[in-house]
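Asks: need coordinates for the below:
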Amino acid sequence: MFDAAVASALPDRCVPPFLPKPPKGRTIVVGAGKASAAMAKAVEDHWTGGPLEGLVVTRYGHRVPTRSIEIVEAAHPVPDLAGREAAERILNMVKGLTADDLVLCLISGGGSALLALPGEGLTLHDKQAINRRLLECGANITEMNCVRKHLSAIKGGRLAAAAAPAKVVTLTISDVPGDDPAVIASGPTVPDATTYADALAVLDKYGITEPAAVMAHLRAAPDETPKPGDPRLSHCETHMIAAPQMALEAAAAVARANGVTPLILGDAIEGESREVAMVHAGIARQVLRHGQPVKAPCVLLSGGETTVTIRGKGRGGRNVEFLLALAVALDGVPRVHAMAGDTDGIDGAEETAGALLDPTTIARAAANGVHAKACLANNDGHGFFEVAGDTVVTGPTLTNVNDFRAILIEG
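Replies: Purely as a prediction, here's the structure:
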């Protein structure tokens with residue numbers, strides 16, 4: 001089911017149907033995200049127009065061979081100098097174009113950290129510091145990207161504004177709950193309805209007061225992001241080419257083919273990973289005891305993006321935290337197996353997609369001296385599943401439609 005979910009969102013499948021007509025002038029391909037290199041290759045492989053040129057920035061390890069579109073690798077989730085320099089080059093590439101030119105923008109999850117071009121008066125160090133604080137405090141992706149837009153010279157529609165009057169066509173793979181293109185990679189080509197005041201409210205909510213330069217920049221509110229109706233974005237169009245719901249439906253088809261009834265709980269589930277796990281565990285127990293809301297054999301499927309507030313010394317990871325909390329809640333109940341993984345192959349900052357769970361997982365880890373409740377208290381899901389031998393390692397999948405969760409209940 002996980003393989004089918006990932007395959008449904010691979011760029012070579014999703015990009016070609018949405019390629020625009022070639023322009024009279026130049027075609028500039030830019031973009032950012034964990035899938036952007038694979039998207040660029042798909043453009044090259046299926047483009048029937050004139051010459052292509054451009055640059056996309058992706059996460060380290062996600063490069064694929066291309067002919068005319070340059071690929072730059074940079075850090076994620078905390079930005080680095082390579083990402084800053086690539087973002088500056090991308091912004092400069094789209095300036096000075098005409099109405100006969102086309103900017104084809106390839107956007108996928110992770111693009112916000114990869115397009116790290118600080119606004120005036122800010123440094124890369126400021127961006128790195130605020131990213132770390134937002135990651136640690138449990139802010140959701142919409143909140144994080146609201147702040148990022150207002151600290152950036154390229155996000156929140158600023159890239160599209162710089163490209164005017166050229167036509168801008170954005171192809172987007174969604175990794176955010178609700179599939180809002182203004183949130184995916186902080187919407188560099190999409191109008192932004194949020195404000196500096198909204199960004200300050202996010203930081204206030206989580207008690208973030210540093211770096212001082214960030215706070216000063218947000219209070220000064222030097223230049224608002226382009227808003228809906230901004231004439232500079234009148235020649236822009238955006239196409240959602242892959243989304244979490246597509247992935248869940250692909251997984252559901254695999255379940256049906258194997259005689260298992262799928263129940264999709266939602267494609268946009270948010271909240272603390274351990275709290276979401278408690279709800280999923282409750283539904284699984286209801287199936288076991290009462291055959292509701294569906295009879296076994298069945299699989300509970302869900303997507304979205306949960307959060308982890310780091311309070312212990314573990315490595316976090318929202319999928320392994322979810323699965324560890326699910327393990328604690330189910331406590332070895334028979335007939336229940338589960339998987340939680342990120343469709344990009346990276347759970348948090350780790351090079352693992354997620355993990356597997358079965359009725360013996362807790363006992364196997366305990367036999368090796370590792371206890372589930374202690375690991376959960378320490379936010380150490382990665383450590384727990386490594387000892388249990390249940391880690392899922394896929395390597396970069398070259399797409400990203402957010403988290404995949406499946407709870408399989410035997411008949």
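Asks: may I have the lowest-mean-pLDDT helix or strand in the chain as PDB, with CA atoms only?
Replies: Sorting the helices and strands of the chain by mean pLDDT, DSSP states H and E puts helix 124-137 at the bottom, at a mean of 90. C-alpha atoms of helix 124-137 as PDB (Å, rounded to 0.1, in the frame of the first residue of the first chain):
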ATOM      1  CA  LEU A 124      21.000  33.200   6.900                       C
ATOM      2  CA  HIS A 125      21.800  32.700  10.600                       C
ATOM      3  CA  ASP A 126      18.600  34.400  11.600                       C
ATOM      4  CA  LYS A 127      16.600  32.100   9.300                       C
ATOM      5  CA  GLN A 128      18.300  29.000  10.600                       C
ATOM      6  CA  ALA A 129      17.600  30.000  14.200                       C
ATOM      7  CA  ILE A 130      13.900  30.700  13.700                       C
ATOM      8  CA  ASN A 131      13.500  27.500  11.700                       C
ATOM      9  CA  ARG A 132      15.000  25.500  14.600                       C
ATOM     10  CA  ARG A 133      12.700  27.100  17.100                       C
ATOM     11  CA  LEU A 134       9.600  26.600  15.000                       C
ATOM     12  CA  LEU A 135      10.500  22.900  14.500                       C
ATOM     13  CA  GLU A 136      11.100  22.300  18.200                       C
ATOM     14  CA  CYS A 137       8.000  24.000  19.500                       C
END
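Asks: buried stuff in it?
Replies: 124, 126-131, 133-135, 137 (16 or more other Cβ atoms under 10 Å). For the C-beta atoms, the positions are set from N, CA and C on the backbone; glycine is no exception.
Asks: stretch 255-271 - what's its average pLDDT?
Replies: Across stretch 255-271, the average pLDDT comes to 97.
Asks: quick one: residues contacting L171.
Replies: Residues near L171 by Cβ atoms under 8 Å, 6 or more residues apart in numbering: 15, 18, 39, 104-107, 239, 241.
Asks: list buried residues within the residues you listed.
Replies: Neighbour counting by 16+ other Cβ under 10 Å classes 15, 39, 104-107, 241 among those as buried.
Asks: of those, which belong to strands?
Replies: 104-107, 241 (DSSP state E).
Asks: R232: which of these is nearest?
Replies: C105 (14.6 Å; Cβ to Cβ).
Asks: what about the spatially closest residue to that closest one that is not a sequence neighbour, which helix or strand?
Replies: Spatially, and ignoring its direct neighbours in sequence, C105 is nearest to T170 (4.3 Å; Cβ to Cβ, 6 or more residues apart in numbering). Assigned by DSSP states H and E, T170 belongs to strand 167-173.
Asks: could you pull out the helices for the stretch 51-200 of the chain?
Replies: Using DSSP state H, counting those that start in this stretch, the helices found in the stretch 51-200 of the chain span residues 81-93, 111-114, 124-137, 141-149, 158-163, 196-205.
Asks: go through those and pick out the most buried.
Replies: Most buried of the helices of the stretch 51-200 of the chain by mean neighbour count (mean count of other Cβ atoms under 10 Å) is helix 111-114; its value is a mean of 30.
Asks: could I get the helices of the stretch 51-200 of the chain as a markdown table with distance to S68?
Replies: Below are the helices of the stretch 51-200 of the chain laid out as a markdown table (distance: least, Cβ to Cβ, whole Å):
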| stretch | distance to S68 |
| --- | --- |
| helix 81-93 | 13 |
| helix 111-114 | 20 |
| helix 124-137 | 29 |
| helix 141-149 | 30 |
| helix 158-163 | 19 |
| helix 196-205 | 37 |
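Asks: other SSEs contacting the helix or strand harbouring V320?
Replies: For V320, the element it lies in under DSSP H and E is helix 318-330. For helix 318-330, the helices and strands in contact under the criterion 3 or more Cβ pairs under 8 Å, 6 or more residues apart in numbering; DSSP states H and E are helix 273-290, strand 336-342, strand 354-357, helix 361-367, helix 372-377, helix 381-388, strand 403-409.
Asks: mind listing what's buried in it?
Replies: Within helix 318-330, the residues scored as buried using 16+ other Cβ under 10 Å are 318-330.
Asks: would you turn the residues you listed into TSV with pLDDT and distance to G312?
Replies: Below are those laid out as TSV (pLDDT from 0 to 100; distance: Cβ to Cβ, whole Å):
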residue	pLDDT	distance to G312
R318	93	14
N319	96	17
V320	97	13
E321	97	10
F322	97	16
L323	97	16
L324	97	12
A325	98	13
L326	98	18
A327	97	17
V328	97	14
A329	97	18
L330	97	21
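Asks: H62 contacts P396, correct?
Replies: Yes: H62 lies in contact with P396 (Cβ atoms under 8 Å); the separation is 4.8 Å.
Asks: the two: who's more crowded?
Replies: H62 (28 against 22; other Cβ atoms under 10 Å).
Asks: returning to that earlier point: which one, of the helices and strands packed on helix 318-330, ends up nearest to V214?
Replies: helix 273-290 (26.9 Å).
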